[in-house]
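>>> here is the input, now give the coordinates:
(chains A and B)
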2 protein chains.
Amino acid sequence: MADLKVTVPENSQNILGTVTINAPLAKVFNAYTQADLFAKWWCRGNPMKVYHFDCKDGGSWHIAEQAEDGNEYQFTGCFHEVAHNRRIVQTFEFLGMPERGHVMLEKAEFIAIDEHTTEIHTHSTAMSQADRDGMVASGMESGWRQSVEVLGQLLESRN
Amino acid sequence: MADLKVTVPENSQNILGTVTINAPLAKVFNAYTQADLFAKWWCRGNPMKVYHFDCKDGGSWHIAEQAEDGNEYQFTGCFHEVAHNRRIVQTFEFLGMPERGHVMLEKAEFIAIDEHTTEIHTHSTAMSQADRDGMVASGMESGWRQSVEVLGQLLESRN
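Purely as a prediction, here's the structure:
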């Protein structure tokens, strides 16, 4: 089981999330840092291609998701900080925008609630409130919820 | 000669800057992307140490400035996008904070005004307005102005 709560504060460029996963912290962190595992849940179980994914301080990533409409949607970012079992700070950009440069900064903090339950507190910041609101209007929350559900199933099947 | 205009919009997490440099765009861009040149002006001519500086898509950097008080101030980030002679998008963190995680996202766009004059439009975003305001209160603008002056002198001496 997995749960997601999203908050979109007024007069802010941020999107805040709390993800609750019924799995131990080390397994959840591993699912964020291992390329194949990460791409599987992040792409909601859809076909995907990992161009590269080097989850370490100063590494970077580039993943494509094959959508049901036949199109490939590409995403890229760099890893600012990867603190083992604690925190990941990275950038995020959807490469399908009319122009590049609409980048998000994302921080995920991993917290063990008990030995079977992990919370991830996410803090995403857009470069403007318009970018943030566009992200929300694009259906981000429902896509994110699908990702979190696949993550929950994946970790449950590996317990 | 070099000039800097800084704007700190209300109800925003951003700091906007316009840097004007009397040097051709290619030379200005080069001063942002070559480690030794970059560290020289960015550290305002002070002694510094470049731990690493790999200015390319998905690269990262880590620089220390030796201050007059004898302390070493360290900064790190990753390069999200380096578009030759056009744009650099990167992260930035001062490693002297009580805790890590107060990261900025920075976009610099390079514009040739004429063949001897370049403008750099910078757009820096903090993860909260409090972080942004703290950055402004820390004397960021006067430090930045010193950096820009050293950059101007450096490029003038190389014309």
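
>>> quick one, phi psi at the residue most central in space within chain A?
Of all residues in chain A, the one closest to the mean position by CA atoms, centre = their mean is A:Trp42, 6.3 Å from it. Dihedral pair for A:Trp42: phi -60, psi -40, per degrees, to the nearest 10.

>>> which residue comes closest to it once chain neighbours are left out?
Nearest residue to A:Trp42, sequence neighbours excluded (CB to CB, 6 or more residues apart in numbering or on different chains): A:Ser147, at 5.6 Å. Every residue, glycine included, has its C-beta placed from N, CA and C.

>>> SS state for the one you found?
helix (DSSP: H, G, I helix; E, B strand; the rest coil).

>>> you'd agree A:Leu95 is up against A:Glu72?
No - using CB atoms under 8 Å, A:Leu95 is not in contact with A:Glu72; the gap is 9.8 Å.

>>> I figured the residue nearest to A:Trp42 hits A:Lys40, correct?
No - in this structure A:Ser147 lies outside contact range of A:Lys40 using CB under 8 Å: 9.9 Å.

>>> up against chain B, what does chain A have?
Taking CB under 8 Å from any CB of the partner chain as the contact definition, chain A meets chain B at A:11-14, A:52, A:54, A:57-60, A:76-81, A:83, A:87, A:89, A:91, A:93, A:100-101, A:103-105, A:107, A:109, A:123, A:125-129.

>>> let's see which of those end up in strands.
Among the residues of chain A next to chain B, DSSP state E puts A:14, A:52, A:60, A:76-81, A:83, A:87, A:89, A:91, A:93, A:104-105, A:107, A:109, A:123, A:125-126 in strands.

>>> are any of those residues buried, and if so which?
A:14, A:60, A:76-81, A:87, A:89, A:91, A:93, A:104-105, A:107, A:123, A:125-126 (16 or more other CB atoms under 10 Å in any protein chain shown).

>>> so who does the nearest residue to A:Ala83 once chain neighbours are set aside touch?
Of all residues not flanking A:Ala83 in the chain, B:Arg100 sits nearest, at 7.3 Å (CB to CB, 6+ apart). Residues near B:Arg100 by CB atoms under 8 Å, 6 or more residues apart in numbering or on different chains: A:Glu81, A:Ala83, A:Arg87, B:Glu93.

>>> what of A:Thr7?
Taking CB under 8 Å, 6+ apart, one finds A:Ile15, A:Leu16, A:Gly17 in contact with A:Thr7.

>>> so how do I select the buried members of the residues you listed in PyMOL?
Burial among these is assessed by 16+ other CB under 10 Å; the matching PyMOL selection reads:
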select buried, chain A and resi 15+17
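
>>> on that earlier part again, for the residue nearest to A:Ala83, give me phi and psi.
When read as degrees, to the nearest 10, the backbone of B:Arg100 gives phi -80, psi 170.

>>> where in chain A is pLDDT low?
For chain A, applying pLDDT under 70 flags the ranges A:158-159.

>>> redo that, cut-off 50
Within chain A, no stretch has pLDDT under 50.

>>> could you check how far the nearest residue to A:Phe94 once chain neighbours are set aside is from A:Thr20?
Counting by CB to CB, 6+ apart, A:Phe94 lies nearest to A:Phe75, which is 5.7 Å off, once chain neighbours are set aside. Distance of A:Phe75 to A:Thr20, computed by CB to CB, to the nearest Å: 24 Å.

>>> good, we can wrap up now.
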